[in-house]
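Peer 1: Quick one, what's the 3D model for this:
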Amino acid sequence: MVADGGQAVLIRNIIYKCGRHGVLVDGGESTASMLSNDIMKCGTGTGRESCVMVSGGGRCRMAGNSVHNGFGAGIVIDACAAVVLTRNAVHTNAGVGLHVTSGARPQVLDNVFRAGGA
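Peer 2: As a prediction, the model looks like this:
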């Protein structure tokens, strides 16, 4: 979790079975850069749990990640979050691949979303 103004750079990690969220970026001054990570089997399938969640005005850049086999949504971008998604593969999640709530304005470029839930 990156919160309360924290900053993180995640490169080539395996993030596996992490409970409610595999990666959570929360808070207006919180930033994360994620490159070439494998994020899988996160969430419990209840509520808005996901492999990746950016909320509360958090900022995140994701490129070249694989987000898959989650028990909820692949990626959730909550109100006021600033997110850039480029060349990610989001697939085979129980929920939708990408859930964008009111007020969020992500940039979504050259990604593949497939085989997600309802």
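
Peer 1: what bridges to residue 59?
Peer 2: Taking DSSP bridges as the rule, residue 59 bridges to residue 31, residue 82.

Peer 1: burial count for residue 39?
Peer 2: By the criterion of other CB atoms under 10 Å, residue 39 has 29 neighbours. C-betas here are computed from N, CA, C, even on glycine.

Peer 1: and if you look at the one 5 residues further on?
Peer 2: Residue 44 has 12 neighbouring residues, counting by other CB under 10 Å.

Peer 1: what sits against the residue nearest in space to the middle of the chain?
Peer 2: Centroid-nearest residue in the chain, with CA atoms, centre = their mean: residue 52, separated by 2.4 Å. Residues in contact with residue 52 (CB atoms under 8 Å, 6 or more residues apart in numbering) are 21-23, 34, 39, 60, 62, 67, 74-76.

Peer 1: make it 10 Å
Peer 2: Residue 52 is in contact with 15, 21-25, 32, 34, 37, 39, 42-43, 60, 62, 65, 67, 70, 73-77, 83, 85, 88, 90, 98, counting by CB atoms under 10 Å, 6 or more residues apart in numbering.

Peer 1: Is it in a helix, a strand, or coil?
Peer 2: Secondary structure, DSSP: H, G, I helix; E, B strand; the rest coil: residue 52 is strand.

Peer 1: For it, give its distance to residue 65.
Peer 2: 8 Å (CB to CB, to the nearest Å).

Peer 1: Find residues that contact each of the two.
Peer 2: Counting by CB under 10 Å, 6+ apart, the shared contacts of residue 52 and residue 65 are 15, 23, 34, 37, 39, 74-75, 85, 88, 90.

Peer 1: Nearest to residue 102 among those residues?
Peer 2: Distance to residue 102, by CB to CB, is smallest for residue 75 among the shared contacts of residue 52 and residue 65, at 16.2 Å.

Peer 1: Send me stretch 55-72 as CSV with only the CA atoms.
Peer 2: Extracted as CSV, the C-alpha positions of stretch 55-72 are listed here (Å, rounded to 0.1, in the frame of the first residue of the first chain):
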residue,chain,number,x,y,z
SER,A,55,-8.1,6.1,-5.0
GLY,A,56,-8.3,9.3,-3.0
GLY,A,57,-6.5,11.4,-5.5
GLY,A,58,-3.5,9.0,-5.8
ARG,A,59,-1.4,9.1,-8.9
CYS,A,60,-0.1,6.0,-10.7
ARG,A,61,1.7,5.1,-14.0
MET,A,62,1.4,1.5,-15.1
ALA,A,63,3.2,0.1,-18.1
GLY,A,64,3.8,-3.4,-19.3
ASN,A,65,2.1,-5.1,-16.3
SER,A,66,0.1,-8.3,-16.4
VAL,A,67,-3.0,-8.1,-14.1
HIS,A,68,-4.9,-11.4,-14.1
ASN,A,69,-6.9,-14.1,-12.3
GLY,A,70,-8.1,-11.6,-9.7
PHE,A,71,-11.2,-12.4,-7.5
GLY,A,72,-12.6,-8.9,-8.2
